[in-house]
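K.L.:
model the following, please.
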Amino acid sequence: KEAIKISDLRLIFQNIDNADPSPRSSFIRFFEEAYGTTATSLEIIPDGYVILGNATVIDKVTDQSFTQTVVIQTDKNGNRMGEPFETKGGTGNAIKPLITNGAVSGYVIVGDSIYLDPLAEQAANVTVSSLRVLFLDANLKSVGKFVLTDTSPIAPNKVREDFSGVSVDITSDGRVIILGTLK
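P.N.:
Numbering: from 1, shown residues only. Okay, the predicted model is just below:
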């Protein structure tokens, strides 16, 4: 193999500098809220996209912060459609649309419901995480909720188990499959 000469490299870089940009097939959109929101999941739906995120909100009256789940629907160009879904009390890690006859009939969100007990005897029990599943209709309205939590009696030296919802999928026959963790 021959070594590349410096003069050859100059020609390559000159050609790169003079090159026309290639056609774009992607876009970037920024969605602003009154608080910081971090996206955790995105799914393609027949009419566009659905974005799942989490936000830490500070209540202006009590000065207390809480975490809430946020869902935004967009068209195929990333333009927001309708009002976002927001619910406090936990996080969302994954979302899946329920598709019926080629249209979205609802959504399943899996994540965590977080309970704080600053007076807990065990440090591990100050923050307890439970697996939370939210069901939304096609218009991002809540239609149901399921929470899996450690309900064992609190005893001295007892550490509650934390459950966390990680991923969700929908089978072709409509069954919801959830992947979670336990610690």
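K.L.:
could you point out the longest strand of this protein?
P.N.:
When the chain is parsed with DSSP state E, its longest strand is strand 103-116.
K.L.:
what about the following helix or strand past it, average pLDDT?
P.N.:
Using DSSP states H and E, the helix or strand that directly follows strand 103-116 along the chain is strand 127-137. Per-residue pLDDT over strand 127-137 has a mean of 91.
K.L.:
other SSEs contacting strand 127-137?
P.N.:
If contacts are counted by 3 or more CB pairs under 8 Å, 6 or more residues apart in numbering; DSSP states H and E, strand 127-137 sits against strand 103-116, strand 142-148, strand 163-170, strand 176-182. Quick note: C-beta positions are derived from backbone N, CA and C, even for glycine.
K.L.:
one more pass at 6 Å, please.
P.N.:
strand 103-116, strand 142-148, strand 163-170 (3 or more CB pairs under 6 Å, 6 or more residues apart in numbering; DSSP states H and E).
K.L.:
ok, the last one: who's next to it in the sheet?
P.N.:
Right, strand 163-170. strand 176-182 (antiparallel) (DSSP bridges).
K.L.:
now the angle from the partner strand to strand 127-137?
P.N.:
170 degrees (axes from the mean of the first three to the mean of the last three CA atoms, to 10 degrees).
K.L.:
list the buried residues for strand 176-182?
P.N.:
In terms of neighbour count (16 or more other CB atoms under 10 Å), strand 176-182 has its buried residues at 178, 180.
K.L.:
may I have that strand as PDB, with CA atoms only?
P.N.:
Provided in PDB are the C-alpha atoms of strand 176-182 (Å, rounded to 0.1, in the frame of the first residue of the first chain):
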ATOM      1  CA  VAL A 176     -49.500  -6.100  28.200                       C
ATOM      2  CA  ILE A 177     -46.000  -7.400  29.100                       C
ATOM      3  CA  ILE A 178     -44.000  -5.400  31.700                       C
ATOM      4  CA  LEU A 179     -40.400  -5.700  32.600                       C
ATOM      5  CA  GLY A 180     -39.500  -4.500  36.100                       C
ATOM      6  CA  THR A 181     -36.900  -4.700  38.800                       C
ATOM      7  CA  LEU A 182     -37.000  -5.700  42.400                       C
END
